[in-house]
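Asks: model this:
(one chain, ligands or ions: 1)
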Amino acid sequence: MSAAPKPIPQPEVKLTGVFINNKWQESSSGETFETINPTTGQVITRVAKGNAEDVNRAVDAARAAFHRKSPWRTMDASHRGRLLNRLADLMERDANYIASLETLDNGKPFAMSYGVDVPYSVDVLRYYAGWADKNHGKTIPVNGNFLGFTRHEAVGVCGQIIPWNFPLLMWAWKIGPALATGNTVVLKPAEQTPLTALYAAELCKEAGFPDGVVNIVPGFGDAGAAIANHEGVDKVAFTGSTEVGKLIQQAAVLLCWYPGFVHRNIYDKFIEKSVQRALKRVIGNPFDMKTEQGPQIDQEQLDRIMGYIEVGKKEGANLAVGGKRVGNKGYFVEPTIFTDVDDNMTIAREEIFGPVQQIMKFDSLDEVIDRANDSNYGLAAAVYSNNINTINTITQALQSGVVWVNTYNTILPQTPFGGYKMSGIGRELGEYGLEAYTQVKTSIIAVPHKMS
Ligand code: ADP
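Replies: Next up is the predicted model:
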């Protein structure tokens, strides 16, 4: 982190329009919406409010860019990879500005935007750049006088809808594999955090992606629904809440984490240390490099988290530390720990998405596996142990798309990420992440003389 430059505390917002065909436009209705700085609760700027009509235009542009004779469809696959690498270069060039913009719009500490969000986005783009000319089919020894082979072809126009928790990173996770495999894209950033997605669109243009390959429509759920329901969209990728994911019913990846289980023998000590850690946690201005925890994303989320804390207390969990809003400017919540949490309590079963930890006690491995699996969700889990048998048992038994061992939140471009059960359909990242963006075409060609 020491290498991080000084952030730009008031980054100039340059791009607030709808991005279609490599051009910036107003929304078709002329309407705009406010994007709020969660640190202060003040308006940063107004952004074009895309609606169904804007989605139509974006899809038309993306369809045209996917025409079989278009520059994009006739480009060498390796060149697609070069464009993605160029985009990654541009992101690195502007890393300080982009990270500052992310912190302004999302409120996450600059140390994180600069140290995680931007470089991880760059990594994902570079990873998929490498795949562009390597995701190939097979030649298959078939019966009869035929030559049989497969090609991995682009799906077409991809509608992509992303949330506010990792605005740039989710953008890169969606755009990277889609473009590497030759698709075109209509993406809607979250209404809370549209700014970095829009800036990155301009970088796509600068990198040289042809007109219509990347289109960005900022807006609300209605614009998202228009993307999801559009006949001209061949595939929808969505990251966000279960409720909306169910509405869309396509490739969904949600971000739900397990609550913490701690063995009875170390429970009290663990709580004591956790409370000490929570009390020491530096909350405040996310542009300050010492800040560990910024604000929550908006008033709605703040209210939701405070609501969950009340429910936790009401249902009988013990509030060990925190539980209050910090100040009355911006959307800050104290690091909060609940102990004596029962498996059936709301705070154990629903995702709070805030600085609230629920710590539960367990006695045996079998018991904790059953309790952890008794959930509708299953995105990611982590186990801390030095016992190889415990580790092997639990990594196999947990119904979770990812199991980390003695590490946490380790998400890498090379390994697939996605959830079991209601936490998702499909996988992103890694070679598996290519599957969602390609379809297999079989070719069978009669040959006059077969050589088996
Ligand atoms: P979160 O709780 O992470 O904000 P949401 O599911 O509400 O999750 O939002 C994730 C993304 O889905 C945002 O870009 C949002 O605008 C979009 N969205 C919300 N409602 C719909 C909908 N009905 N159809 C498609 N997209 C939607």
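
Asks: Name the residues that touch the strand or helix carrying residue 303?
Replies: If you go by DSSP states H and E, residue 303 is part of helix 299-314. Residues outside helix 299-314 that contact it (C-beta atoms under 8 Å, 6 or more residues apart in numbering) are 41, 296, 319, 323, 325, 331, 333, 336, 338, 341, 345-347, 350, 352-356, 358. (C-beta placed from N, C-alpha, C; glycine too.)

Asks: so what's residue 190 closest to, chain neighbours aside?
Replies: residue 164 (3.9 Å; C-beta to C-beta, 6 or more residues apart in numbering).

Asks: Next up, the contacts around the one you found.
Replies: 106, 190, 191, 192, 193, 297.

Asks: any idea how far residue 102 is from the closest residue to the fourth one other than its chain neighbours?
Replies: Read it as residue 192. Nearest residue to residue 192 in three dimensions, chain neighbours excluded: residue 164, at 4.0 Å (C-beta to C-beta, 6+ apart). Going from residue 164 to residue 102 by C-beta to C-beta, to the nearest Å gives 11 Å.

Asks: Helix, strand, or coil at the residue of the stretch 101-250 of the chain found nearest the ligand?
Replies: Per C-beta to the nearest ligand atom, residue 224 is where the stretch 101-250 of the chain lies closest to the ligand, at 2.2 Å. Following DSSP: H, G, I helix; E, B strand; the rest coil, we place residue 224 in the helix state.

Asks: next one: residue 261
Replies: strand.

Asks: Likewise for the one 4 residues further on?
Replies: Classification of residue 265 by three-state DSSP places it in helix.

Asks: Next: the one 4 residues further on.
Replies: On the three-state scheme (three-state DSSP), residue 269 is labelled helix.

Asks: ok, now how distant is it from residue 335?
Replies: Counting by C-beta to C-beta, the gap from residue 269 to residue 335 is 19 Å.

Asks: now swap in residue 285 and tell me
Replies: 16 Å.

Asks: is the helix holding residue 303 up against the ligand anywhere?
Replies: No. Applying C-beta under 6 Å from any ligand atom, one finds helix 299-314 out of contact with the ligand, separated by at least 8.0 Å.

Asks: just checking, what packs against the very next helix or strand once past that helix?
Replies: Counting by DSSP H and E, the next helix or strand C-terminal to helix 299-314 is strand 318-321. Contacts defined by 3 or more C-beta pairs under 8 Å, 6 or more residues apart in numbering; DSSP states H and E place strand 318-321 against helix 267-280, helix 299-314, strand 336-339.

Asks: Show the contacting residues for residue 450.
Replies: 144, 145, 146.

Asks: what's the closest of those residues to residue 124?
Replies: residue 146 (39.3 Å; C-beta to C-beta).

Asks: Residue numbers of the protein in contact with the ligand?
Replies: Applying C-beta under 6 Å from any ligand atom, one finds that the chain approaches the ligand through 161-164, 188, 190-191, 220-221, 224-225, 228, 240-241, 244, 247-248.

Asks: 5 Å instead?
Replies: By C-beta under 5 Å from any ligand atom, the residues of the chain that approach the ligand are 161, 163, 190, 221, 224, 225, 228, 240, 241, 244.

Asks: related to what we said a few turns ago, which one's more surrounded, residue 269 and residue 335?
Replies: residue 335 (22 against 10; other C-beta atoms under 10 Å).

Asks: got the contact list for the more buried one?
Replies: Neighbouring residues of residue 335 by C-beta under 8 Å, 6+ apart: 278, 279, 281, 283, 293, 321, 322, 355, 357.

Asks: Those residues, buried ones only, as a ChimeraX selection?
Replies: Entered in ChimeraX, the line below selects the buried ones among the contacts of residue 335, by 16 or more other C-beta atoms under 10 Å:
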select :278,283,293,321,322,355,357
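
Asks: Export the contacts of residue 335 as JSON lines, with columns for pLDDT.
Replies: Below are the contacts of residue 335 laid out as JSON lines (pLDDT from 0 to 100):
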{"residue": "278", "pLDDT": "96"}
{"residue": "279", "pLDDT": "97"}
{"residue": "281", "pLDDT": "96"}
{"residue": "283", "pLDDT": "96"}
{"residue": "293", "pLDDT": "96"}
{"residue": "321", "pLDDT": "97"}
{"residue": "322", "pLDDT": "97"}
{"residue": "355", "pLDDT": "94"}
{"residue": "357", "pLDDT": "93"}
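
Asks: The ligand: which of the contacts of residue 335 is nearest?
Replies: residue 355 (16.2 Å).

Asks: show me what contacts that closest one?
Replies: Residue 355 touches 293, 305, 322, 333, 334, 335, 336, counting by C-beta under 8 Å, 6+ apart.

Asks: Helix, strand or coil: sort out the residue nearest to residue 190 for me.
Replies: coil.

Asks: swap in residue 354?
Replies: Applying three-state DSSP: residue 354 is coil.

Asks: ok, now how distant is the residue lying closest to it once chain neighbours are set aside from the ligand?
Replies: With sequence-adjacent residues excluded and distances taken as C-beta to C-beta, 6+ apart, residue 354 is closest to residue 305, at 3.6 Å. Distance, residue 305 to the ligand, by C-beta to the nearest ligand atom, to the nearest Å: 12 Å.

Asks: Residue 305 - how many residues pack around it?
Replies: By other C-beta under 10 Å, neighbour count at residue 305 equals 20.

Asks: what's the distance between it and residue 296?
Replies: Counting by C-beta to C-beta, the gap from residue 305 to residue 296 is 6 Å.

Asks: Now do the shared contacts for these two.
Replies: 333, 354.

Asks: Excluding its own residues, what touches whichever helix or strand residue 63 is part of? List them.
Replies: Using DSSP H and E, residue 63 sits in helix 52-65. Here helix 52-65 makes contact (C-beta under 8 Å, 6+ apart) with 18, 20-21, 27-29, 48, 50, 70, 72, 156-157, 159, 184-186, 210-213, 215-217, 219, 222-223, 226-227, 230, 232-233.
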